[in-house]
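Undergrad: here's a sequence, model it:
(chains A and B)
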Amino acid sequence: MSVFNTIAQKVAEYLHENHAFELESQKIQLDATRKEFVGDYTLIVFPFVKPMRTSPEKAGEAIGEYLKNTVSEIESYNVIKGFLNLTFNSIYWSELVEEKLSDSGWLEPRTSGDLVLVEYSSPNTNKPLHLGHLRNNFLGHSVSLIKEFAGNDVVKTQIINDRGVHICKSMLAWKRFGNEETPETSGLKGDKLVGKYYVIFDQELKKEVAMLVASGMDEEVAKKEASIMKDVQEMLVKWENGDEEVLSLWNKMNAWVYSGFDKTYNRMGVSFDKLYYESKTYSKGKQIALDGLTKGLFYTKDDGSVWCNLDSAGMDNKLLVRGDGTTVYMTQDIGTAVQRFEDFPKMTQVVYTVGDEQDYHFKVLFKILENLGYSWAHNCQHLSYGMVDLPSGKMKSREGTVVDADDLMEDVVRAACESSEEKGKLDDMSSEEQNKLFEMLGIGALKFFLLRVDPKKRMLFDPEESVSLNGDTGPFVQYTYARCKAVLRKAGEFTFTGITEIVEKERLLARTLAAFRLEMDDAANGMNPSAIANYCLDLAKAYNQFYQAVNILNSNAEERSFRLGLTHLTAETIKKSLDLLGVQVPDRM
RNA sequence: GGCCCAAUAGCUCAACCGGAUAGAGCAGCUGCCUUCUAAGCAGCAGGUUUCAGGUUCGAGUCCUGAUUGGGUCACCA
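TA: As a prediction, this is how the structure comes out:
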């Protein structure tokens, strides 16, 4: 039994025996003591003041005295107002360190076996990935890792939006203006090449619209009447009808995009276990909509379009199939959801990592699935995250203010390289090793920067701050790891002997190490990597303070072994925590 | 306009179920490398937690209302 359970039990026992008061265990609130006070953990006694019929101070004194006499780990206590600060003895901390050193079970994932599917990324295939995708991917990937550590079997997935008018736009522009250009002949990454033709289409359309407007046509009408637009519509129909020429072009250009995306994902360090393609799930969604119609769950309008009535849920009615028989986003999402639960019948949760501008969309989706009678509808969850803003304002692709994912990664890695060279600590390292390190630091900085903020909150992306390696950053934590490893290298083998007297900074560090599992569980429950990022910062700070306050290698044998033990545990804890964020650690930097 | 979300130091972010004197980092100022990695540490300065009420022993946190900003209400995805 943990000492915390013991304390809770003793408090309940005390109240029962002396005041005939039965305490619900959740009423026991034991927090880490704030650093301006003496103590390790603080018991809040306010809830017991009333049944004890005394002042908060006296209640604290009485309980403190009782705990000190009955819980062997407690060395002393002090009471300030209604706060009872408990100090654990050195033996407790020494044994805690010893236990963690001898059994690394605390680094192992839990086991529950529940199957969870996490969706993230889900890009369009007509433009390259950008900053917004980075937050999405890092978040989704990290949540997958966190859930695995919490014991789940995780399937990482995405739905690739590979059909529709937008794809045809790139295809048409390439066909018309591309001169058979390929990634090989142009030297462009596949996704960049296709994105280029998407832009060209837009430019050509604008030109034509301008001409039509000049000849007296209304602008809105011109957009629909432009011949290039009509050609795109015609291409879409051909695609839906399985026209061979269109399909082969579609396959060719999609392959370019996928190979481009793969390079980007690879550098980002994210991966997927199973892919879903909209081109394969939209017809399933349509079938479900039509079945729902015959079952009387949906209704039709005069033009033959199919709708879902959501009045009872207080939501707007939702279109599922257009009058012309084509489907919309919602229909595809229904098809995809059903497909997934057919593929993984044992799935207990599916997590959609999608921006908060789609909060309403998912509310509607889950409601429709419920109305369709799927018992698993309540297992669906929208992991909603806020938009990434730039100092210049919102990212808008039409205005050229998007931050390209590849460019950004290149920038942060270069910044890491420049900073490292300035410091000149790596002169004996091969250039291959150096490049590996710069990659680790740059990408680590970027991930940490994006994951540090509570996902639910909208955040500001300052490019200058993102390449900074000082302060509350990924490289600061990585540096602390490298520092630990340097100490351990110099120390060589050591055997832990235990300690009888511990100093304040050791106590603080040990306490931070002890909180590891609790922090990871919180992060898993809240699907919140930022909790882990902030824990990493706390731990790194605690270690650096400890490092500057005491001498590790040149202290007496007992102190040396304890401090090396703390150093070893710090390194392992940082490594595991950063690992759950998808950030790697260097042995030196 | 209806609904949803946010607002904390000059800037970017913390603050677990309501708990002590609201914490970090950046930017500014002061110190600390002949000793284990100074990408670090110690310190100074910086706050009416947007505003007005309410509940409570106790409110940045919960409730009501307002202000400001954002999102959404598509036969776009």
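Undergrad: how far away is the closest residue in space to residue A:504 that isn't next to it in sequence from RNA strand B?
TA: Nearest residue to residue A:504, sequence neighbours excluded (CB to CB, 6 or more residues apart in numbering): residue A:549, at 7.9 Å. No exception for glycine: its C-beta is placed from N, CA and C like everyone else's. Relative to RNA strand B, residue A:549 is positioned 7 Å away (CB to the nearest atom of the strand, to the nearest Å).
Undergrad: neighbours of residue A:549, how many?
TA: 13 (other CB atoms under 10 Å).
Undergrad: check what pLDDT it gets.
TA: On pLDDT, residue A:549 comes in at 94.
Undergrad: what's the burial count for residue A:58?
TA: Per other CB under 10 Å, the neighbour tally for residue A:58 reads 14.
Undergrad: which secondary element of chain A has the worst mean pLDDT?
TA: Of all the helices and strands that make up chain A, helix A:219-225 has the lowest average by mean pLDDT, DSSP states H and E, namely a mean of 82.
Undergrad: gap between that one and the chain center?
TA: Centroid displacement of helix A:219-225 relative to its chain, using CA atoms, centre = their mean, to the nearest Å, is 42 Å.
Undergrad: moving C-terminal from that helix, which element do we reach first?
TA: helix A:227-240 (DSSP states H and E).
Undergrad: can I get that next one in PDB? Just the C-alpha atoms.
TA: C-alpha atoms of helix A:227-240 as PDB (Å, rounded to 0.1, in the frame of the first residue of the first chain):
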ATOM      1  CA  SER A 227     -15.300  27.100 -69.200                       C
ATOM      2  CA  ILE A 228     -12.400  25.900 -67.100                       C
ATOM      3  CA  MET A 229     -14.800  25.300 -64.200                       C
ATOM      4  CA  LYS A 230     -17.200  23.500 -66.400                       C
ATOM      5  CA  ASP A 231     -14.400  21.300 -67.600                       C
ATOM      6  CA  VAL A 232     -13.700  20.400 -64.000                       C
ATOM      7  CA  GLN A 233     -17.300  19.500 -63.300                       C
ATOM      8  CA  GLU A 234     -17.200  17.300 -66.400                       C
ATOM      9  CA  MET A 235     -14.000  15.700 -65.100                       C
ATOM     10  CA  LEU A 236     -15.600  14.900 -61.800                       C
ATOM     11  CA  VAL A 237     -18.500  13.200 -63.400                       C
ATOM     12  CA  LYS A 238     -16.100  11.200 -65.500                       C
ATOM     13  CA  TRP A 239     -14.300  10.200 -62.300                       C
ATOM     14  CA  GLU A 240     -17.500   9.100 -60.700                       C
END
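Undergrad: and what about the residue in chain A that RNA strand B sits nearest to, helix, strand or coil?
TA: The nearest approach of chain A to RNA strand B comes at residue A:471, 2.3 Å away (CB to the nearest atom of the strand). Using DSSP: H, G, I helix; E, B strand; the rest coil, the structure places residue A:471 in coil.
Undergrad: pull the number of nearby residues for it.
TA: 9.
Undergrad: from residue A:537, how far out is it?
TA: Distance of residue A:471 to residue A:537, given as CB to CB, to the nearest Å: 9 Å.
Undergrad: need the nearest residue in space to residue A:445, chain neighbours excluded.
TA: residue A:474 (4.6 Å).
Undergrad: do residue A:497 as well
TA: Here the residue nearest residue A:497, using CB to CB, 6+ apart, is residue A:561, at 4.8 Å.
Undergrad: mind checking pLDDT for the one you found?
TA: 94.
Undergrad: please identify which helix or strand holds it.
TA: Going by DSSP H and E, residue A:561 is part of helix A:557-580.
Undergrad: then residue A:69?
TA: Going by DSSP H and E, residue A:69 is part of helix A:56-70.
Undergrad: flag every buried residue along whichever helix or strand comes after that helix.
TA: Sequence-wise, the next helix or strand downstream of helix A:56-70 (DSSP H and E) is strand A:74-80. Neighbour counts over strand A:74-80 (16 or more other CB atoms under 10 Å) mark A:74, A:77, A:78, A:79 as buried.
Undergrad: how about stretch A:573-583?
TA: A:573, A:574, A:575, A:576, A:577, A:578, A:579, A:580, A:581, A:582, A:583.
Undergrad: same question, stretch A:227-242
TA: Under 16+ other CB under 10 Å, the buried positions of stretch A:227-242 are A:228, A:229, A:232, A:235, A:236, A:238, A:239.
Undergrad: and for stretch A:540-559?
TA: So for stretch A:540-559, counting by 16+ other CB under 10 Å, buried means A:540, A:541, A:542, A:543, A:544, A:546, A:547, A:550, A:552, A:559.
Undergrad: same check on stretch A:497-506?
TA: Under the neighbour-count criterion of 16+ other CB under 10 Å, stretch A:497-506 has A:499, A:502, A:505, A:506 buried.
Undergrad: how about those residues, which pair is most distant?
TA: A:499 and A:505 (13.5 Å; CB to CB).
Undergrad: hmm, back to that, and the helix holding residue A:69, what does it pack onto?
TA: helix A:3-19, strand A:41-44, helix A:46-52, strand A:74-80, strand A:83-88 (3 or more CB pairs under 8 Å, 6 or more residues apart in numbering; DSSP states H and E).
Undergrad: ranking those by burial, who's on top?
TA: The highest average neighbour count among those, using mean count of other CB atoms under 10 Å, belongs to strand A:83-88 at a mean of 22.
Undergrad: off-centre distance for the helix holding residue A:561?
TA: 26 Å.
Undergrad: does RNA strand B sit close to that helix?
TA: No: using CB under 7 Å from any atom of the strand, helix A:557-580 never reaches RNA strand B; the gap is at least 7.8 Å.
Undergrad: report all helices and strands that that helix contacts.
TA: helix A:90-102, helix A:131-149, helix A:474-491, helix A:504-514, helix A:516-525, helix A:529-549.
Undergrad: single out the most deeply packed of those helices.
TA: helix A:131-149 (a mean of 24).
Undergrad: next SSE downstream of it?
TA: Downstream of helix A:131-149 (by DSSP H and E), the next one is strand A:153-160.
Undergrad: so what touches that following strand?
TA: Applying CB atoms under 8 Å, 6 or more residues apart in numbering, the external contacts of strand A:153-160 come out as A:113-123, A:125, A:140-141, A:144, A:147-148, A:271-278, A:281, A:336, A:340, A:344, A:347.
Undergrad: name the residue closest to the centre of chain A, please.
TA: residue A:139 (2.1 Å; CA atoms, centre = their mean).
Undergrad: confidence score at that one?
TA: 97.
Undergrad: so who does it touch?
TA: Contacts of residue A:139 by CB under 8 Å, 6+ apart are A:120, A:353, A:383, A:385, A:450, A:451, A:455, A:529.
Undergrad: name the nearest of those residues relative to residue A:69.
TA: So of the contacts of residue A:139, ranked by how close each gets to residue A:69 (CB to CB), first place is residue A:529, at 42.9 Å.
Undergrad: separation between residue A:131 and residue A:389?
TA: Applying CB to CB to residue A:131 and residue A:389 gives a distance of 10 Å.
Undergrad: name the residues that touch the helix holding residue A:69?
TA: Here helix A:56-70 has contacts from A:7, A:10-11, A:14, A:18, A:43, A:45-46, A:48-49, A:52, A:54, A:74-79, A:81-84, A:86, using CB under 8 Å, 6+ apart.
Undergrad: okay then, goodbye and thanks.
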